[in-house]
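Enquirer: With the input below, show me the fold.
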Amino acid sequence: ISLAEQEIFEWVALLEPSAYQSDRTILSGRHELDIVVPNKKIAIEFNGLYWHSDEFKNITYHLDKTTQCEEVGYKLIHIFEDEWHNNKHIVKSRLKAALNKIDTVVYGRKCKVQSITSKVANAFVRRHHLQGSGRANVHLGLYHDDELVSVMTFLNGDISKRVTSWELNRFVSKVDTVVVGAANKLFKFFLNEYTPETVTSFADRRWSSSN
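Expert: Residues are numbered from 1 along each chain as shown. So this is what the prediction gives:
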């Protein structure tokens, strides 16, 4: 057990005392799970960059393990070493959200949507999203009492704007805050303003389920 994995476990155990380490029973001995929170049906893997690289793990290893957990009713969260070291505040916020331990709740119906500059959007996304900022043509912000609490960005790769197919490439709320209805409100605003034919988005299976 690495020092970083132990640090994550001790922090999770403060939130959920039922948490324990090194389980080989849930997946019937096929794989060990680093951290398990049985009360929440959540398991957490700490993936060191060296031992979890393509040199040692096949390309589907992490997804296969995630799927195996889902088959027995557990959600598996993968945390990579660089994420914990470089963006610990974001990882902790996402873990708290997964464990239903975030106290600050904002309601989307009390917020307003407006277009924001790429500079404002990128600064917010870099602060609150594990993947940082990305290319985008449209940047939408959700404000609560004049404070930016959520951002959603969209990319249309055709600069001529003749193509009406878009990619929703970032959505994030302020760390340690649940913004109820934020995604729905921001997305509806985009649909009304830009009337896209299609919108594509991708789920990070290290954090989200297949359902």
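
Enquirer: which intervals of the protein have sub-threshold pLDDT?
Expert: Within the chain, the ranges that satisfy pLDDT under 70 run 1, 49-56, 157-163, 210-211.

Enquirer: tell me the strands in it, going along the chain?
Expert: Using DSSP state E, the strands of the chain run over 20-23, 33-37, 42-47, 75-80, 104-107, 112-115, 138-144, 147-155, 165-173, 177-180, 198-201.

Enquirer: can you list these in TSV and add distance to residue 96?
Expert: Where you see a C-beta, it was placed from the backbone N, CA and C, and this is true even at glycine. Output for those, formatted as TSV (distance: least, Cβ to Cβ, whole Å):
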stretch	distance to residue 96
strand 20-23	19
strand 33-37	12
strand 42-47	12
strand 75-80	12
strand 104-107	10
strand 112-115	26
strand 138-144	19
strand 147-155	16
strand 165-173	12
strand 177-180	9
strand 198-201	24
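
Enquirer: could I get these as CSV with distance to residue 93 and mean neighbour count?
Expert: As requested, those are exported to CSV (distance: least, Cβ to Cβ, whole Å; neighbours: other Cβ atoms under 10 Å):
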stretch, distance to residue 93, mean neighbour count
strand 20-23, 22, 14
strand 33-37, 16, 23
strand 42-47, 14, 22
strand 75-80, 12, 21
strand 104-107, 10, 14
strand 112-115, 22, 14
strand 138-144, 17, 20
strand 147-155, 13, 22
strand 165-173, 9, 21
strand 177-180, 8, 18
strand 198-201, 21, 12
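
Enquirer: quick one: contacts of stretch 76-86?
Expert: 4, 7-8, 33, 42-49, 52, 62, 65-66, 69-70, 90-91, 94-95, 98, 130, 206-207 (Cβ atoms under 8 Å, 6 or more residues apart in numbering).

Enquirer: Weed out the non-buried ones from these.
Expert: 8, 33, 42-47, 52, 62, 65-66, 69, 90-91, 94-95, 98, 130, 206-207 (16 or more other Cβ atoms under 10 Å).

Enquirer: hmm, back to that, and of the strands of the chain, who's closest to residue 123?
Expert: strand 147-155 (9.5 Å; Cβ to Cβ).

Enquirer: Could you list every helix and strand in contact with that closest one?
Expert: helix 118-128, strand 138-144, strand 165-173, strand 177-180, helix 182-194 (3 or more Cβ pairs under 8 Å, 6 or more residues apart in numbering; DSSP states H and E).

Enquirer: Thanks again, I'm all set now.
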